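[1] sequence unknown, structure follows:
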Ligand SMILES: C[S@@+](CC[C@H](N)C(=O)[O-])C[C@H]1O[C@@H](n2cnc3c(N)ncnc32)[C@H](O)[C@@H]1O
């Protein structure tokens, strides 16, 4: 799916995103504080969506939040008051960062972005994120992936059509493989938050 049609999808999805996602958000909201509580300095959140992470950022960071969907960004801006830190929003495609200064960020955070972004754009997105991270800066991703356990995978496959139709999300987009091939990132660490389906990835911007 081209990036433009993803933007059209999210124009509609934004209207009911929080409602439809609520059953999963009840689980995610237990994880979000732990994903964000050790951040410092300048932080970029890519694919901020409706701003579900905003309440959990530490007060002493400077947050820049981007999303390519104006409709999703509008929802996130309504949640800006729930953030303890200052937030600046931009409508930006993660594959072509125009408003974001190079070498600015200590951290980049993206939750459920790369399962939505078509795989052919993953290299480009990672190189853009590498460009804006300081050398030694950190990338943290949370993604949903297919389980290797056949019974869990069958359960996921029953949801797959819904996830792709509504969110453009697929569980077979393997950002970890792209990251491992990338010249820009090193010290890649992974952890599953539930079964082998919710994958947390930490990586360091290589000093080149
Ligand atoms: C599944 S939502 C996740 C939202 C949020 N991160 C969360 O954890 O709830 C994916 C978000 O990524 C955004 N997105 C998709 N492609 C993008 C791109 N190329 N650049 C920036 N944002 C993008 C979508 O508009 C959507 O808001």
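    Great, that's in hand. Note that the structure is a prediction, hence the values are computed from the model and not measured.
[2] so which residues on this structure come close to the ligand?
    Counting by C-beta under 6 Å from any ligand atom, the residues of the chain lying close to the ligand are 3, 6, 10, 46-49, 52, 66-69, 72, 93-95, 111-113, 116-117, 167, 169. No exception for glycine: its C-beta is placed from N, CA and C like everyone else's.
[3] let's go with 5 Å and repeat that
    10, 47, 49, 52, 67-69, 72, 93-94, 111-113, 116-117, 167 (C-beta under 5 Å from any ligand atom).
[4] in the longest strand along the chain, what's buried?
    Criterion DSSP state E: the longest strand present in the chain is strand 133-144. By neighbour count on 16 or more other C-beta atoms under 10 Å, the buried set for strand 133-144 is 133-134, 137-144.
[5] let's have those residues in a markdown table, adding pLDDT and distance to residue 122.
    Below are those laid out as a markdown table (pLDDT from 0 to 100; distance: C-beta to C-beta, whole Å):
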| residue | pLDDT | distance to residue 122 |
| --- | --- | --- |
| 133 | 98 | 16 |
| 134 | 98 | 22 |
| 137 | 98 | 19 |
| 138 | 98 | 18 |
| 139 | 98 | 13 |
| 140 | 98 | 16 |
| 141 | 98 | 11 |
| 142 | 98 | 15 |
| 143 | 98 | 11 |
| 144 | 97 | 15 |
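[6] now, which of the residues you listed sits nearest residue 16?
    residue 144 (19.5 Å; C-beta to C-beta).
[7] please name the residues that touch the closest one.
    112, 115, 169, 171, 197-199 (C-beta atoms under 8 Å, 6 or more residues apart in numbering).
[8] hmm, try it at 7 Å
    112, 115, 171, 197-198 (C-beta atoms under 7 Å, 6 or more residues apart in numbering).
[9] just the ones in strands from these, please.
    residue 198.
[10] can you pick the most crowded of the contacts of residue 144?
    residue 115 (24 neighbours; other C-beta atoms under 10 Å).
[11] check the secondary structure at residue 64 for me.
    strand (DSSP: H, G, I helix; E, B strand; the rest coil).
[12] bridged to it, which residues?
    residue 44, residue 88 (DSSP bridges).
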